[in-house]
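> Okay, sequence plus prediction incoming.
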Amino acid sequence: RRSVTPISRSVPNGRDEGGDAGRVRVAVRLRPRNVEEIQSDADYADCVELEPELKRLKIRKNNWSSESYKFDEVFTETASQRRVYEVVAKPVVESVLSGYNGTVMAYGQTGTGKTYTVGRLGKEDASERGIMVRALEDIIAGTSTSSSDCVEVSYVQLYMESVQDLLAPETTNIPIVEDPKTGEVSLPGAAIIKIRDIDHFSNLLRTGEANRHAANTKLNTESSRSHAILMVYVRRIKGASDEAISGEDAIESGDAVPTVRKSKLLIVDLAGSERVNKSGSEGHSLEEAKFINLSLTSLGKCINALAENSPHIPVRDSKLTRLLRDSFGGSARTSLIVTIGPSACHHAETTSTIMFGQRAMRIVNMLKLKEE
Ligand code: ADP
């Protein structure tokens, strides 16, 4: 029996071999007006104007002037969940199936559609399925069920710099472990569940959401203060010819040297971005608010540092950036979807969300994640 040589293509500092993965792809999605906004008064006047054919968005400053921003894609309020998945997440999923790590993140103010975009189960209306379910469908379809290919998931939330298992809610304070040789990041304390089929995954996701809700009720907090992180581990056995073959068969017959390709997809529903700026208004001191936001602030700092090609990327400053370390930068492919609402009364938040997305547009993933 020949041994299987693990080949991890997820080298954080490696060159991008995955095609056009060079830059972080950033899309904006506008939420449809809600009932309150439809029955609008002057306060709810829209402050954004989309030009999807130009992939451009304008934010109105006042009656006379507006600022224009270009993105990789701009989704109007009528964009379907399917289209959003295909543009934002599918290229990342495909590169994960080819053996590269990848990340899809949703960033935006609470109530602008992050969870709708990412976590929607679509049980009643299948067209509403969000990125997590669609990604798993494609990953399950892209891996061979008859071979030793394997799809596993962990689902955790990060709240106040503590990682909690959403699939085994009694497990809290899970440490983040980095392999000093490969740089691989893992959460060995979190449940890792082997996925049988998409119904199995949907049920896990539903359990995870219920646990998230219960945990946050117990902590007397809101989901919007925590980051939900789905980690999908994909292991594929491939023959030397790069044709998908059964790993066991290849080992038995000995006519091809099978390789193991391991990759990881992170799908992240980030905490509400307004937390970065808000504090005392909700009974939190500035310090407490900063602590809640440490991960989000630190992600912003890493994004700024990467965008500016800074020699030091402060990935160690927070749990979120430590978790993302091998899935963001290097050979990994990353997509960010920033969600916004239409209303002028959130002008400041919308502008700050858009600026975050603009900075992320400047990140080239081939840059090394450098640490001091
Ligand atoms: P967030 O996760 O950013 O706090 P949610 O995903 O919970 O926001 O969205 C807030 C509300 O708006 C929910 O009721 C959601 O169903 C609705 N919503 C958000 N985006 C859309 C969309 N693109 N189409 C229809 N409804 C949406």
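Cool, the structure landed.
> Neighbours of whichever residue of the chain sits closest to the ligand, how many?
Nearest residue of the chain to the ligand, counting by Cβ to the nearest ligand atom: G113, 2.8 Å away. Bear in mind the C-beta positions are built from the backbone N, C-alpha and C, glycine included. Residues contacting G113 under the criterion other Cβ atoms under 10 Å number 23.
> can you offset everything so residue one is 421?
That works, and once the first residue is 421, the last one we named lands at G533.
> So it is in contact with N454, correct?
No: if you go by Cβ atoms under 8 Å, G533 and N454 don't touch, sitting 10.3 Å apart.
> Now find how far off-centre stretch 577-589 is within its chain.
With Cα atoms, centre = their mean, to the nearest Å as the basis, stretch 577-589 stands 16 Å off its chain's centre.
> Pull out the buried positions in it.
Residues Q577, L578, Y579, M580, V583, Q584, D585, L586, L587, A588, P589 are the ones in stretch 577-589 that count as buried (16 or more other Cβ atoms under 10 Å).
> how about those in TSV, adding pLDDT and secondary structure?
Formatted as TSV, the buried residues of stretch 577-589 follow (pLDDT from 0 to 100; DSSP: H, G, I helix; E, B strand; the rest coil):
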residue	pLDDT	secondary structure
Q577	94	strand
L578	92	strand
Y579	87	strand
M580	83	coil
V583	94	strand
Q584	94	strand
D585	96	strand
L586	96	coil
L587	96	coil
A588	94	coil
P589	88	coil
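> gap between the longest helix belonging to the chain and the chain center?
Secondary structure of the chain per DSSP state H: the longest helix is helix 618-638. Centre-to-centre, helix 618-638 and its host chain are 17 Å apart (Cα atoms, centre = their mean).
> just the angle between the helix or strand just after it and helix 618-638, please?
Beyond helix 618-638 on the C-terminal side, the first helix or strand identified by DSSP states H and E is strand 647-658. Interaxial angle, strand 647-658 versus helix 618-638 (axes from the mean of the first three to the mean of the last three Cα atoms, to 10 degrees): 150 degrees.
> Who are the contact partners of I551?
V504, Y505, V508, A509, V524, A526, T537, V538, G539, I687 (Cβ atoms under 8 Å, 6 or more residues apart in numbering).
> Among these, which ones are in strands?
When the contacts of I551 are checked against strands (DSSP state E), the matches are V524, A526, I687.
> Spell out which parts of this structure neighbour the ligand.
On the criterion Cβ under 6 Å from any ligand atom, the ligand has as its neighbours in the chain the residues R451, P452, G528, T530, G531, T532, G533, K534, T535, Y536, S644, T759.
> For the protein, just list every one of the helices.
455-458, 501-504, 510-517, 534-539, 551-562, 618-638, 667-673, 706-712, 714-727, 739-744, 767-781.
> could you dump the fifth one to CSV, C-alpha only?
Listed in CSV are the C-alpha atoms of helix 551-562, where the atom choice follows Å, rounded to 0.1, in the frame of the first residue of the first chain:
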residue,chain,number,x,y,z
ILE,A,551,-24.5,31.6,0.4
MET,A,552,-23.8,29.0,3.0
VAL,A,553,-26.4,26.5,1.7
ARG,A,554,-25.5,27.1,-2.0
ALA,A,555,-21.8,26.8,-1.3
LEU,A,556,-22.3,23.5,0.5
GLU,A,557,-24.5,22.2,-2.4
ASP,A,558,-21.7,23.0,-4.9
ILE,A,559,-19.0,21.5,-2.6
ILE,A,560,-21.0,18.3,-2.1
ALA,A,561,-21.6,18.1,-5.9
GLY,A,562,-17.9,18.7,-6.6
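> Where does pLDDT dip in this protein?
Scanning the chain for pLDDT under 70 picks out 421-442, 460-464, 565-566, 639-643, 659-676, 695-712, 749-750, 785-792.
> Ignoring the adjacent residues along the chain, who's closest to A588?
Among residues not flanking A588 along the chain, A611 sits closest, at 4.4 Å (Cβ to Cβ, 6 or more residues apart in numbering).
> Near A630, how many other residues are there?
Neighbours of A630 (other Cβ under 10 Å): 12.
> right, I mislabeled it, should have said S568
18.
> Give me the phi and psi for it.
Dihedral angles of S568 (phi, psi; degrees, to the nearest 10) stand at phi -90, psi 10.
> Would you check that it makes contact with T679?
No: S568 is beyond contact range of T679, at 11.9 Å (criterion: Cβ under 8 Å).
> Quick check: neighbours shared by the two?
I657.
> quick one: E604 and T530, what's the gap?
Applying Cβ to Cβ, to the nearest Å, the value for E604 to T530 is 33 Å.
> Hmm, R476 is touching S486, no?
No: using Cβ under 8 Å, R476 makes no contact with S486, being 11.0 Å away.
> mind listing what G528 touches?
K534, L690, G692, S693, V758, T759, I760, T773.
> Closest to H766 out of those residues?
Nearest to H766 out of those is I760 (Cβ to Cβ; 8.0 Å).
> Show me the beta-bridge partners of that closest one.
Counting by DSSP bridges, I760 is bridged to L450.
> Correct me if wrong: it contacts R451.
Yes: using Cβ under 8 Å, I760 is in contact with R451, at 7.1 Å.
> Looking at the two, which one has more neighbours?
Higher neighbour count among I760 and R451: I760, with 25 against 21, using other Cβ under 10 Å.
> Could you pull up the residues touching that one?
V448, R449, L450, R451, V468, G528, Q529, T532, T770, T773, I774.
> at 6 Å instead, please
Residues near I760 by Cβ atoms under 6 Å, 6 or more residues apart in numbering: L450, T532, T770, T773.
> List just the nearest of those to E493.
Among those, and counting by Cβ to Cβ, the member closest to E493 is L450, at 11.7 Å.
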